[in-house]
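*Asks:* quick one: sequence and predicted model below, then my questions.
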Amino acid sequence: MDRGSFDDFVATRSTRLLRTAYLLTHDRALAEDLVQTSLAKAWFAWGRIDGQPDAYVRRVMVNTYSSWWRRRWNGEVATAELPERAAAAGHRPEDVRVDDRTDLWRALARLPRRQRAVVVLRFYEDLSEIETAEILQCSVGTVKSQASRALAKLRLDPTLSPTSDEERVR
């Protein structure tokens, strides 16, 4: 691929890459840094990328984020506030109504990084299990189990739980 195609790629994909990076990092500045770093790495490898630059850049982005996360993780998870309501047992996904997208973004940010990456790639980027496994360099079974665990945690997240019996019936 030529360098002109890289410019076209950046022009057409940068907004989507930034959204994906934000969902991974949950921080606008870190997301911008992640996209910039990933695109810089892609620039140097551009001539060697075989026809799937989207997959390559997403893989670079996830790997770079994982590397950053490993270096700075200290075992503590900060939250801005304590949840006010507990999730009731037995909620089905179709029972959950998200009134505010920020609740969903916050819930995603509370997931472990691997589960968050699987959810972002599978359901936000709409990749198949196989494509997600290739990007994360793991088995399809791992993608399935991580997605299952992540969705179970999201179902039980108090900020995403319905607050009344009326909402549960819908």
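*Replies:* That came in fine, so what should we check first?
*Asks:* care to break this structure down by domain?
*Replies:* 3-72, 93-169 (automatic domain parsing).
*Asks:* now mean neighbour count and mean pLDDT too, for those domains, in TSV please.
*Replies:* Where you see a C-beta, it was placed from the backbone N, CA and C, and this is true even at glycine. Compiled in TSV, the domains of the chain are given as follows (neighbours: other Cβ atoms under 10 Å; pLDDT from 0 to 100):
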stretch	mean neighbour count	mean pLDDT
domain 3-72	16	88
domain 93-169	16	80
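*Asks:* quick test: name the residue nearest the centre of the protein.
*Replies:* residue 120 (3.0 Å; Cα atoms, centre = their mean).
*Asks:* can you tell me which residues contact it?
*Replies:* 20, 23, 24, 108 (Cβ atoms under 8 Å, 6 or more residues apart in numbering).
*Asks:* can you rerun that using 7 Å?
*Replies:* 20, 23, 24 (Cβ atoms under 7 Å, 6 or more residues apart in numbering).
*Asks:* cool, and residue 133?
*Replies:* 139, 140, 142, 143.
*Asks:* 6 Å instead, please
*Replies:* Neighbouring residues of residue 133 by Cβ atoms under 6 Å, 6 or more residues apart in numbering: 140, 143.
*Asks:* gap between residue 37 and residue 150?
*Replies:* 25 Å (Cβ to Cβ, to the nearest Å).
*Asks:* before we move on, what about residue 53?
*Replies:* As judged by Cβ to Cβ, residue 53 and residue 150 stand 27 Å apart.
*Asks:* between the two ends of stretch 123-133, how far is it?
*Replies:* Length of stretch 123-133, first residue to last, Cα to Cα, to the nearest Å: 14 Å.
*Asks:* residue 43: what's its closest spatial neighbour, skipping adjacent residues?
*Replies:* Leaving aside its chain neighbours, residue 43 sits nearest to residue 6 (6.1 Å; criterion: Cβ to Cβ, 6 or more residues apart in numbering).
*Asks:* got a list of contacts for the host helix or strand of that neighbour?
*Replies:* Element membership of residue 6, judged by DSSP states H and E, is helix 3-25. Residues outside helix 3-25 that contact it (Cβ under 6 Å, 6+ apart) are 31, 34, 35, 46, 53, 65, 120, 124.
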